[in-house]
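Asker: give me a 3D structure for the following:
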Amino acid sequence: MYSSAKARKGKLEKVVIKVVRIVSSRKTFGKHVALYMDTLNGLWNEDELVPYDRAVDLINQYHSFVELEQSKLRC
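Answerer: The predicted structure is shown next:
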């Protein structure tokens, strides 16, 4: 899995998942939510992680946006 926040900024950062915890608490209003723990003991929500193909798509979108903005500045 890869960090979607980093991919939106044009960087590919791999996250190695060690454990998946199913949590049900007051903060989740009793719903069962998966929390992913990486090898550095960081916790990730499911929406913060994307597969490789989606991460590459996000990076390509970022680079397209940057190129478009740079072309606007040149004119």
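Asker: only C-alpha atoms from now on, for both contacts and neighbour counts.
Answerer: Will do.
Asker: next, Met37: phi, psi?
Answerer: Main-chain torsions, Met37, degrees, to the nearest 10: phi -110, psi 130.
Asker: which residues touch it?
Answerer: Taking Cα atoms under 8 Å, 6 or more residues apart in numbering as the criterion, Met37 is in contact with Ile17, Lys18, Val19, Val20, Arg21, Leu43, Trp44.
Asker: show me what the first one is bridged to.
Answerer: Partner residues in beta bridges with Ile17: Asp38, with DSSP bridges as the criterion.
Asker: what sits against it?
Answerer: When contacts are counted by Cα under 8 Å, 6+ apart, Ile17 is found next to Met1, Tyr36, Met37, Asp38, Thr39.
Asker: in stretch 41-59, what counts as buried?
Answerer: Buried residues in stretch 41-59, defined by neighbour count with 16 or more other Cα atoms under 10 Å: Leu43, Trp44, Leu49, Val50, Tyr52, Ala55, Val56, Leu58, Ile59.
Asker: a markdown table for those, including distance to Ser25?
Answerer: Output for these, formatted as a markdown table (distance: Cα to Cα, whole Å):
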| residue | distance to Ser25 |
| --- | --- |
| Leu43 | 16 |
| Trp44 | 16 |
| Leu49 | 21 |
| Val50 | 24 |
| Tyr52 | 31 |
| Ala55 | 30 |
| Val56 | 34 |
| Leu58 | 32 |
| Ile59 | 34 |
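Asker: distance from the helix or strand that contains Lys72 to the middle of the chain?
Answerer: With elements taken from DSSP states H and E, the one containing Lys72 is helix 52-74. Mean-position distance between helix 52-74 and its chain equals 16 Å (Cα atoms, centre = their mean, to the nearest Å).
Asker: for the contacts of Met37, give me CSV that also has secondary structure and pLDDT.
Answerer: Output for the contacts of Met37, formatted as CSV (DSSP: H, G, I helix; E, B strand; the rest coil; pLDDT from 0 to 100):
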residue, secondary structure, pLDDT
Ile17, strand, 96
Lys18, strand, 96
Val19, strand, 96
Val20, strand, 95
Arg21, strand, 92
Leu43, strand, 94
Trp44, strand, 95
